[in-house]
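[1] Requesting a structural model of the entry that follows:
(one chain, ligands or ions: 1)
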Amino acid sequence: MSPNVVITGANRGIGLAFCKRYLELGYNVYAVCRQAGSELPNLDVIVIEGIDVSQPEDVEKLKGALHDIPVDLLINNAGIWGKESLGSIDYDNVQKVISVNALAPLRVTEALLTNMGTGSKIALITSRMGSIEDNTSGNGYDYRMSKAALNMAGKTLALDLAEEGIAVGIYHPGFVQTDMVGGMGDIPPETAAERISERIKELNQNNSGSFWHSNGELLPW
Ligand code: NDP
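    Residues are numbered from 1 along each chain as shown. A predicted model of the protein is given here:
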């Protein structure tokens, strides 16, 4: 039987590339998004539309849509950019970015735990901008704080889920050519998705809760 993967933010960018990658790898792909857009409907995926991951009722809808389908892999990929600078911080926006980037992946994960069991894996798509040690340029309070919080959630989930045999990987995709960075970036989304899929393949109980660059480098917290 083919394994099942649930991918959030599946309609574009790295999420769309994950959908294509996991189809290649023979998975049943559950593509979670707010709106499917133009590309997703042309793929052989199961689209779960109308899900804003930051909205509790939508996460409940997602749980209902998946019902008792076993989740072998959950990729929490959906995220938003932030650019709040000192002197003009919009605190409502900071809350929004933290809600989407840090709280939503935790909420989605918690909601789908009953679909997971021994051998299931959880991937959190974070950013090295959430690394405290790696922060040499400042700025971006909202994004940095949201991803640092996500990293902490990931490490804590790894500890809490070890007994159940569920492993958690925390992944920086690289600087990727998507809308989030205005198409700039060093690598296309397909490369990021392929690299992270390799890291996920290597994910196990011994390296659960670690923070990786998609290229295989272990990143500092
Ligand atoms: P994009 O902006 O291209 O795509 C973001 C995706 O997240 C879209 O599918 C978007 O859906 C979805 N999304 C955003 N907010 C919500 C929400 N509230 N509910 C549901 N879906 C939502 O970004 P990337 O593909 O580049 O980013 C993917 C992940 O990679 C993010 O977590 C990002 O932080 C991370 N990352 C990216 C880097 C890069 O260089 N690109 C570098 C480091 C990390 P919609 O179309 O509906 O807006």
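
[2] my read: Gly79 touches Ser99, true?
    No. With contact defined as Cβ atoms under 8 Å, Gly79 does not reach Ser99; the gap is 11.1 Å. The way it works is simple: take the backbone N, C-alpha and C, and place the C-beta from them, glycine included.

[3] Could you check which of the two is surrounded by more residues?
    Higher neighbour count among Gly79 and Ser99: Gly79, with 27 against 16, using other Cβ atoms under 10 Å.

[4] ok, the nearest residue to that one once chain neighbours are set aside - how many residues close by?
    Nearest non-adjacent residue to Gly79, counting by Cβ to Cβ, 6 or more residues apart in numbering: Asn101, 4.9 Å away. For Asn101, the count of nearby residues is 30 (other Cβ under 10 Å).

[5] For Asn101, what are phi and psi?
    When read as degrees, to the nearest 10, the backbone of Asn101 gives phi -90, psi -30.

[6] for it, what are its contacts?
    Asn101 makes contacts with 79-80, 82, 143, 146-147, 149-150, as judged by Cβ atoms under 8 Å, 6 or more residues apart in numbering.

[7] Tell me the one of those residues nearest the ligand?
    Gly79 (2.4 Å; Cβ to the nearest ligand atom).

[8] who touches the closest one in this structure?
    Going by Cβ under 8 Å, 6+ apart, Gly79 touches 9, 100-101, 125, 180.

[9] List buried residues within those.
    9, 100-101, 125, 180 (16 or more other Cβ atoms under 10 Å).

[10] Now, those residues that are in helices?
    In helices, judged by DSSP state H, none of the buried ones among the contacts of Gly79 are found.

[11] Sort out which of these are in strands and list them.
    Among the buried ones among the contacts of Gly79, the members falling in strands (DSSP state E) are Ile125.

[12] just the buried ones among the contacts of Gly79 that are near the ligand?
    The subset of the buried ones among the contacts of Gly79 within reach of the ligand, by Cβ under 6 Å from any ligand atom, is 9, 100, 125, 180.

[13] And the pLDDT at the residue nearest to the third one when sequence neighbours are not counted?
    Closest residue to Ile125 apart from its sequence neighbours, by Cβ to Cβ, 6+ apart: Asn77 at 4.4 Å. Taken from the predicted model, the pLDDT recorded for Asn77 is 98.

[14] how many other residues sit next to Asn77?
    Asn77 has 26 nearby residues by other Cβ under 10 Å.

[15] One more: Gly185?
    Using other Cβ under 10 Å, the number of residues around Gly185 comes to 17.

[16] does it really touch Pro173, like I thought?
    No. With contact defined as Cβ under 8 Å, Gly185 does not reach Pro173; the gap is 9.4 Å.

[17] So the residue of the chain positioned farthest from its centre, which state does it fall into?
    The outermost residue of the chain, judged against the average C-alpha position, is Gly87 (30.4 Å), by Cα atoms, centre = their mean. Of the three states, Gly87 takes coil according to DSSP: H, G, I helix; E, B strand; the rest coil.
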